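1. give me a 3D structure for the following:
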Amino acid sequence: MIFILDTATVLDIAVATLYVVVILIAARFCKPRSVVLVGLGCVALTILSWVLAPPARPSAETLINECISIVTIGLVTALALHAQQTVSTLRNQANLLDLTHDPIFSRDMDGKILYWNRGAEELYGFKGAEALGAVAHTLLQTTFVTPLEQIMTRLLREDRWEGELVNRKTDGTPVVVTSRWSLQRDNAGKPALILETNIDISERKRLEDSLQQAQSDLARLNRVLVVGEMTASIAHEVNQPIAAVVTSAHAGLRWLDAQPPALEEVRHALTRIEKDGSRAGEVVSRVRGLVKKVPPRIERWDLNEAVGEAVALTRAELLRNGVVSRNALSSDVSLVMGDRVQLQQVLINLIVNGIEAMTGVHDRPRELTIRTARADPDTAMVEVCDTGTGLDPGHVDRLFQSFYTTKAEGMGMGLAISRSIVEAHGGWLEAVPNEPHGAVFRFTLPTRENAQASAEVLRS
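-> I've put the predicted structure just below:
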């Protein structure tokens with residue numbers, strides 16, 4: 001039709017430029033080689049029209065129009081080929097994004113989804129037709145760990161953001177993802193769209209939570225085992241005030257039976273009963289605190305006093321094994337920060353370990369020394385020193401590993417849990433040889449508030 005019009009018309013216009021329509025149609029449906037052939041064909045038809053029906057009076061204007069037609073056809077053909085190549089490249093890139101199992105999608109600055117890959121379909125269950133055009137955070141019911149306003153502020157400032165989000169599938173199942181956002185800007189530098197790549201970490205988070213629960217249960221089990229090992233000590237500590245209460249009660253009854261009743265003596269006996277009853281209650285309270293699964297309490301408490309309580313709880317164990325306990329408590333150390341029950345558990349673990357390390361010693365005194373000192377203005381230090389068999393240099397690094405033990409009936413958890421408790425408080429626990437015999441277990445504690453350490457303890 002264009003060829004007939006170009007051949008028959010007598011108008012001095014570039015009718016052949018209409019061939020660009022043919023080329024654009026061919027570019028939409030044909031391969032690049034066919035587009036080239038169509039372009040060359042259009043040029044040939046343009047020249048053929050000129051040959052078959054030349055102008056009656058050729059002029060520079062008609063020649064220019066013919067050249068314009070041929071040049072236009074050539075340029076449009078070249079542009080069509082370039083557009084085909086660009087579209088092909090983009091299609092290949094989109095196909096590559098579909099090959100990954102990770103959800104990848106893009107959205108405009110209003111949150112509407114522009115692209116939705118196969119990985120997103122598989123994870124969330126929404127097909128592309130359902131997702132395209134929908135607001136991403138509404139479709140996925142996104143829960144933001146970090147407020148969205150803070151995320152967008154950082155994204156606009158740095159052109160990228162990474163963090164954790166919680167999305168939901170079509171059936172409402174929550175999915176925890178590590179999300180990476182990349183901002184794309186237009187030629188004017190204005191934000192245009194956001195590319196979001198997510199990695200499903202739901203299983204990893206579940207395993208982490210399970211591991212954390214297992215560690216918490218093991219820590220509680222260790223506390224129970226420590227208390228079990230000290231049953232004789234507890235009985236001794238409780239029996240002493242109870243026996244004193246009974247003795248004072250018998251004395252009070254005798255004074256009441258006297259003629260006349262010795263009321264002042266009875267008053268003294270009742271005062272002693274009250275005092276000994278309170279002491280028995282304190283012993284029971286300390287034991288219950290070690291056994292119960294109570295949440296950590298970050299508070300300021302007296303370190304030297306806590307050492308005295310730990311020694312009191314292990315006194316029967318010390319006596320039964322013939323161990324002399326010596327305290328070298330510094331007056332320069334008083335209040336420390338942390339969970340008193342957890343850190344007393346650490347101290348009792350170290351004392352019991354020191355006692356057991358000396359059970360095979362017969363050629364020298366069995367001495368257990370507990371020292372407190374100030375390591376620096378913000379840190380207190382505690383040392384538990386024994387005169388036992390000492391440390392094997394080849395196994396020092398393994399002492400704090402879980403399930404490593406040198407005891408026939410040990411679980412290998414005491415020192416591992418103790419180190420994790422101390423480190424959660426912002427301190428450190430180490431073992432070094434004692435001179436001339438034995439070992440020294442040394443740990444540090446903060447003497448002032450440490451927000452980060454406190455947060456870690458509360459999560460443990």
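2. for the longest strand along the chain, buried residues please.
-> Counting residues, the longest strand found in the chain (DSSP state E) is strand 174-185. By neighbour count with 16 or more other Cβ atoms under 10 Å, strand 174-185 contains the buried residues 175, 176, 177, 179, 180, 181, 183. Bear in mind the C-beta positions are built from the backbone N, C-alpha and C, glycine included.
3. the inter-axis angle of the following helix or strand past it versus strand 174-185?
-> Next helix or strand after strand 174-185 toward the C-terminus (DSSP states H and E): strand 191-200. Interaxial angle of strand 191-200 relative to strand 174-185 (axes from the mean of the first three to the mean of the last three Cα atoms, to 10 degrees): 150 degrees.
4. ok, strand 191-200: who's next to it in the sheet?
-> strand 104-108 (antiparallel), strand 174-185 (antiparallel) (DSSP bridges).
5. what comes up buried for that strand?
-> So for strand 191-200, counting by 16+ other Cβ under 10 Å, buried means 193, 194, 195, 196, 197, 198, 200.
6. identify the residues contacting that strand?
-> Strand 191-200 is contacted by residues 102-109, 114, 120, 123, 136, 155-156, 165, 167, 175-186 when judged by Cβ atoms under 8 Å, 6 or more residues apart in numbering.
7. and what of stretch 354-362?
-> The set of residues external to stretch 354-362 that reach it, using Cβ under 8 Å, 6+ apart, is 314, 317-318, 321, 323, 366, 368, 384-389, 407, 437-439, 441.
8. in strands, which of those residues appear?
-> Within these, residues falling in strands by DSSP E are 368, 384, 385, 386, 439, 441.
9. just send those residues back as a markdown table, with distance to residue 340 and pLDDT too.
-> Formatted as a markdown table, the ones in strands among the contacts of stretch 354-362 follow (distance: Cβ to Cβ, whole Å; pLDDT from 0 to 100):
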| residue | distance to residue 340 | pLDDT |
| --- | --- | --- |
| 368 | 21 | 95 |
| 384 | 17 | 96 |
| 385 | 23 | 96 |
| 386 | 24 | 95 |
| 439 | 25 | 92 |
| 441 | 19 | 94 |
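10. which residues touch the closest residue to residue 171 other than its chain neighbours?
-> Excluding the flanking residues, the one nearest residue 171 by Cβ to Cβ, 6 or more residues apart in numbering is residue 125, at 6.9 Å. Residues near residue 125 by Cβ under 8 Å, 6+ apart: 169, 170, 171.
11. may I see the buried residues of the helix or strand containing residue 305?
-> Assigned by DSSP H and E, residue 305 belongs to helix 303-313. For helix 303-313, the buried set under the neighbour-count rule, 16+ other Cβ under 10 Å, comprises 303, 304, 306, 307, 309, 310, 311, 313.
12. doesn't residue 401 lie inside a helix?
-> No. Residue state for residue 401 (DSSP: H, G, I helix; E, B strand; the rest coil) corresponds to coil; a helix is not indicated.
13. show the pLDDT at it.
-> What the model reports as pLDDT for residue 401 is 70.
14. same thing with residue 90?
-> 62.
15. quick one: contacts for residue 151?
-> 144, 161, 163, 181.
16. can we see that at 6 Å?
-> For residue 151, the contacting residues are residue 161, by Cβ atoms under 6 Å, 6 or more residues apart in numbering.
17. in which helix or strand would I find it?
-> Assigned by DSSP H and E, residue 151 falls in helix 148-158.
18. burial measure for residue 342, as a count.
-> 24 (other Cβ atoms under 10 Å).
19. name the nearest residue to it, sequence neighbours excluded.
-> residue 421 (5.0 Å).
20. residue 181 now?
-> Leaving aside its sequence neighbours, residue 181 sits nearest to residue 161 (Cβ to Cβ, 6+ apart; 4.5 Å).
21. doesn't the one you found belong to a strand?
-> Yes. Under three-state DSSP, residue 161 falls within a strand.
22. isn't it up against residue 155?
-> Yes. The pair residue 161 / residue 155 is scored as a contact, 4.6 Å apart, by Cβ atoms under 6 Å.
23. so what sits against both of those two?
-> Taking Cβ under 6 Å, 6+ apart as the criterion, residue 161 and residue 155 both touch residue 181.
24. between the two, who's got more neighbours?
-> residue 161 (21 against 16).
25. how close does that one sit to residue 84?
-> Plainly put, residue 161 is 36 Å away from residue 84 if you go by Cβ to Cβ, to the nearest Å.
26. go on, residue 386?
-> According to Cβ to Cβ, residue 386 and residue 84 sit 83 Å apart.
27. pick out whichever of these two has more residues nearby.
-> Neighbours per residue (other Cβ under 10 Å) separate residue 386 from residue 84, with residue 386 holding more: 26 against 16.
28. so that one makes contact with residue 438?
-> Yes. When contacts are counted by Cβ under 6 Å, residue 386 is listed as touching residue 438 (4.4 Å).
29. what about residue 272, is that helix, strand or coil?
-> Here residue 272 is recorded as helix under three-state DSSP.
30. do the same with residue 372
-> Assigned by three-state DSSP, the conformation of residue 372 is strand.
31. what sits against it?
-> With contact set as Cβ under 6 Å, 6+ apart, residue 372 has these partners: 303, 304, 329, 330, 333, 382.
32. so how far is residue 115 from the residue nearest to residue 181?
-> Here residue 161 is placed at a distance of 19 Å from residue 115 (Cβ to Cβ).
33. again with residue 152
-> 20 Å.
34. same thing with residue 175?
-> Per Cβ to Cβ, residue 175 is found 19 Å from residue 115.
35. and if you look at residue 81?
-> Distance, residue 81 to residue 115, using Cβ to Cβ: 25 Å.
36. now do the SS call for residue 266.
-> Look at residue 266: counting by three-state DSSP, its state is helix.
37. close enough to count as contact, it and residue 252?
-> Yes. If you go by Cβ under 6 Å, residue 266 and residue 252 touch, sitting 4.9 Å apart.
38. report the beta-bridge partners for the closest residue to residue 160 other than its chain neighbours.
-> Of all residues not flanking residue 160 in the chain, residue 182 sits nearest, at 5.4 Å (Cβ to Cβ, 6+ apart). On the basis of DSSP bridges, residue 182 is bridged to residue 160, residue 195.
39. pLDDT value on residue 182, please?
-> At residue 182, the pLDDT recorded in the model is 93.
40. and if you look at the one 10 residues further on?
-> The score at residue 192 is 91. That number is its pLDDT.
41. from residue 185, how far off is it?
-> Counting by Cβ to Cβ, the gap from residue 192 to residue 185 is 6 Å.
42. likewise for residue 274?
-> In this view, residue 274 and residue 185 are 78 Å apart by Cβ to Cβ.
43. doesn't residue 126 belong to a helix?
-> No. Residue 126 sits outside any helix when classified using three-state DSSP, being coil.
44. which one is it nearest to, not counting chain neighbours?
-> Closest residue to residue 126 apart from its sequence neighbours, by Cβ to Cβ, 6+ apart: residue 170 at 6.0 Å.
45. got the contact list for the longest strand of the chain?
-> By Cβ under 6 Å, 6+ apart, the residues outside strand 174-185 that reach it are 155, 159-162, 165-168, 191-202, 205.
46. residue 383: neighbour count?
-> So residue 383, with other Cβ under 10 Å, has 17 neighbours.
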